[in-house]
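Undergrad: Below are the sequence and a predicted model; questions follow.
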Amino acid sequence: NAGVTQTPKFQVLKTGQSMTLQCAQDMNHEYMSWYRQDPGMGLRLIHYSVGAGITDQGEVPNGYNVSRSTTEDFPLRLLSAAPSQTSVYFCASSQSPNRGHNSPLHFGNGTRLTVT
Amino acid sequence: KQEVTQIPAALSVPEGENLVLNCSFTDSAIYNLQWFRQDPGKGLTSLLLIQSSQREQTSGRLNASLDKSSGRSTLYIAASQPGDSATYLCAVRIRIKAAGNKLTFGGGTRVLVKP
């Protein structure tokens, strides 16, 4: 039971570098999302998707891009990394809430990103 | 704007004692409330989901109650064990643009159960 898989687990970037955080789920979930977790700030939503080809912004989208070409994958791109993006990033998925499901979110184990 | 608060931020109890974790939210117009557990260096694991029409949910030693009118939920863990040591987070689901499963999270309560 793979669930939600995130890669890499750890990453160190220099300011200005770009990278993509990968997220894949094998539960045929329509809804996928990205959160960042920071001390004292809790978990904050970056971007989310309600299905392939559909994405939207969350609370803190600046500096991040997403795409959803398949149901399974939801990569998060940092175009030009900044020290303020040092955080732990979590991908989460669920059945579609639009179909009346009260569906719990399933989380990956996170990617710990440091930007120097 | 929905705000979710968990007090206390940390809790230490001897093994066998019952745990009571509190969660409060400012906007009662929620779809559901979820309790999660997070172990150090790990992701979040969903423990219980209470729909807005429910007043409580139970799973084994865990029981969660919901009082929408007062904006409160309580997670009870009976007969605590050292393996229950973790951070517990609550989150409420709100609606964005008639789509999505956006959750607003509390800051969590870090629990230590001493043997």
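TA: Received, thanks. Numbering: from 1, shown residues only, chains lettered A, B, ... in the order given.
Undergrad: Check which helices and strands the helix or strand where A:His47 lies sits against.
TA: Assessed by DSSP states H and E, A:His47 sits inside strand A:42-51. Here strand A:42-51 is seen to pack against strand A:31-38, strand A:54-57, strand A:64-66, strand B:86-93, strand B:103-105 when contacts are counted using 3 or more C-beta pairs under 8 Å, 6 or more residues apart in numbering or on different chains; DSSP states H and E. Yep, even glycine has a C-beta here, placed from its N, CA and C like the rest.
Undergrad: quick check: angle from it to strand A:31-38?
TA: 160 degrees (axes from the mean of the first three to the mean of the last three C-alpha atoms, to 10 degrees).
Undergrad: Flag every residue of chain A that's near chain B.
TA: Applying C-beta under 8 Å from any C-beta of the partner chain, we find that chain A lies next to chain B at A:4, A:31, A:33, A:40, A:42-43, A:45, A:48, A:50, A:56, A:58, A:90, A:92, A:94, A:97-98, A:102-110.
Undergrad: picking that back up, got a markdown table for the helices and strands packed on strand A:42-51, with distance to B:Gln34 and mean neighbour count too?
TA: Below are those laid out as a markdown table (distance: least, C-beta to C-beta, whole Å; neighbours: other C-beta atoms under 10 Å in any protein chain shown):
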| stretch | distance to B:Gln34 | mean neighbour count |
| --- | --- | --- |
| strand A:31-38 | 13 | 24 |
| strand A:54-57 | 21 | 15 |
| strand A:64-66 | 23 | 19 |
| strand B:86-93 | 5 | 25 |
| strand B:103-105 | 7 | 24 |
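Undergrad: Pull up the distance across stretch A:20-32, start to finish.
TA: 16 Å (C-alpha to C-alpha, to the nearest Å).
Undergrad: List the buried residues in that stretch.
TA: When neighbours are counted by 16 or more other C-beta atoms under 10 Å in any protein chain shown, the buried residues of stretch A:20-32 are found to be A:21-25, A:29-32.
Undergrad: and if you look at stretch B:59-74?
TA: Applying 16+ other C-beta under 10 Å to stretch B:59-74 flags B:62, B:64-66, B:68, B:71, B:73-74 as buried.
Undergrad: what about it and chain A, touching?
TA: No. Stretch B:59-74 lies apart from chain A when judged by C-beta under 8 Å from any C-beta; the minimum separation is 11.7 Å.
Undergrad: how about B:Gln81, what does it touch?
TA: By C-beta atoms under 8 Å, 6 or more residues apart in numbering or on different chains, the contact set of B:Gln81 is B:15, B:113.
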